[in-house]
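[1] Take a look and give me a structure for this.
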Amino acid sequence: MVESVSVQVLLSVLLWAALGVYGFSSLWWSVETFVLSRGWKPDSTDVWGLDDVQVRILTIDAAPVVQQTVDAIPDEVTDVRVIAESDITVEGATVHVVPDEFTCAATNKGRAVEWARRNVDCDREYTLYLDEDTIVTDFTGLPDADFVQFTEKPIYTGSRLTYLCEVFRTGYQFEQLGFHQLSYPLYAWGGGFAIRHDIEQELGWDVATITEDTNLIWRAAREYDLTYQLVDSRFRNQAPPSVKSMLKQRRRWMSGTIRDDYLLPLLYRPLYLTRVVAWAFSPFVPLLALASYLLPGTAPGIELYGLVSTVLLGILFVYMFLGVVAYRKHPILWPVFLLLTPVAVVLHATGALWGVVSPVEEFEVTEKVTPETIEAVNHLEEGSLQRHDGTERLLRESGDEFEMHVFDD
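    Sure thing, here's the model as predicted:
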């Protein structure tokens, strides 16, 4: 009898400990998204104009992809630079090629931006960094902040599963609305952010990391009383073209974030860990909930445990719901995406869990597809990619008939 009670107590402690860790991560995300976000202003005044910005686009040699990115930049931006690893031709931009002989502590993308910091002149207030596949939208200027983060909306590139995961991730990123209340924003999206040129020049990029952008904002927060502003412009970028490439991308993100956590003060470590837990271990939440219903009465408080675990399971569907809202999907499709939430959770978490269990040390660039491919799979007219809004034409009218397209535009 005593042994049986001991086993029940041990089981209860283990179950509650696992639930408590994930519960804290969900609670913190909710605080960021629904409480700290109250101070965020969606219509921030553009204090700095487009002539105060130098745009830098990072690429290896993807000239067609970069050309679409350059074409989407407003004409009022007169200083556009492409930092490339090979000599390419891009109309409307000045191309700078990183010399093969240049070496520094940083590697890959970090090496390229560090070379540009040292060798590319800039007399503007801000440097705006874009990935090679970032298509800017509604860009009219910048608010007066040291670091300006733009939101993203990945475009469908042919893989329905990766696109589904990107919708889910976009919903989770609503927590960024509360980052301006934090001294250390928990991450940065390098595909679209601006930083004061003076701060970038002082900090530099010459550090060994595979997540350069988050590393930069954490170092900036440590050295300065950093002001941060999120601009919800939903810049377009490419969803990974395959599940394999997505898993490798998530693995790199998680590996780099864990490796650079020494930059965070102790107070922020639990908050940062919430993202690790929520990202990598979310597929285990349904298992915890299932355990409570399959083992009734086997441990103290198991009934309450079942209720709490079910609520936490529901938060995963909240992430997806916010994602479909951000994508402005037709309500008729909401049930489809919500029903597919478990698939997105598992796939989204697999790469992150891979990064926790087996961190990667090398930077591997996520494959990009050509503009022609994106236009084809999204049924766009040739040359109209820069005007694509990242969502789908969900119902197409053909006479009196309607055809539903869940992923294709």
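[2] show me what contacts Leu247?
    By Cβ atoms under 8 Å, 6 or more residues apart in numbering, Leu247 lies in contact with Leu347, Thr350, Gly351, Trp354. Any C-beta I mention is one placed from the backbone N, CA and C, and that applies to glycine too.
[3] okay if I get these as a markdown table plus pLDDT, neighbour count and distance to Thr45?
    What follows is those, written out as a markdown table (pLDDT from 0 to 100; neighbours: other Cβ atoms under 10 Å; distance: Cβ to Cβ, whole Å):
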| residue | pLDDT | neighbour count | distance to Thr45 |
| --- | --- | --- | --- |
| Leu347 | 93 | 19 | 40 |
| Thr350 | 93 | 18 | 42 |
| Gly351 | 91 | 25 | 39 |
| Trp354 | 92 | 19 | 43 |
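[4] Tell me the one of those nearest Glu91?
    Distance to Glu91 across the contacts of Leu247 (Cβ to Cβ) is lowest for Gly351, with 35.9 Å.
[5] show me what contacts the residue nearest to that closest one when sequence neighbours are not counted?
    For Gly351, ignoring the flanking residues on the chain, the nearest one in space by Cβ to Cβ, 6 or more residues apart in numbering is Arg250 at 2.7 Å. Applying Cβ under 8 Å, 6+ apart to Arg250 gives the contacts His348, Thr350, Gly351, Ala352, Trp354, Gly355.
[6] and the fourth one, what helix or strand is that in?
    By that I understand Ala352. Using DSSP states H and E, Ala352 maps to helix 341-357.
[7] can you list contacts of that helix?
    Contacts for helix 341-357 (Cβ under 8 Å, 6+ apart): 161-162, 164-165, 167-169, 243, 246-255, 258, 276, 279-283, 286, 316-317, 319-320.
[8] Show me just the buried residues among these.
    For the contacts of helix 341-357, a burial check counting by 16 or more other Cβ atoms under 10 Å picks out 161-162, 164-165, 167-169, 246-255, 258, 276, 279-283, 286, 316-317, 319-320.
[9] still on that earlier bit, could you point out the helix or strand that follows the helix holding Ala352?
    helix 371-377.
[10] Rounded mean pLDDT for that following helix, please.
    Averaging pLDDT along helix 371-377 gives 78.
[11] For that helix, output the C-alpha coordinates as PDB.
    Extracted C-alpha coordinates of helix 371-377, given in PDB (Å, rounded to 0.1, in the frame of the first residue of the first chain):
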ATOM      1  CA  PRO A 371      10.100  34.400 -58.600                       C
ATOM      2  CA  GLU A 372       8.800  32.500 -61.600                       C
ATOM      3  CA  THR A 373       8.100  29.400 -59.500                       C
ATOM      4  CA  ILE A 374       6.300  31.400 -56.800                       C
ATOM      5  CA  GLU A 375       4.200  33.100 -59.500                       C
ATOM      6  CA  ALA A 376       3.300  29.700 -61.000                       C
ATOM      7  CA  VAL A 377       2.300  28.000 -57.800                       C
END
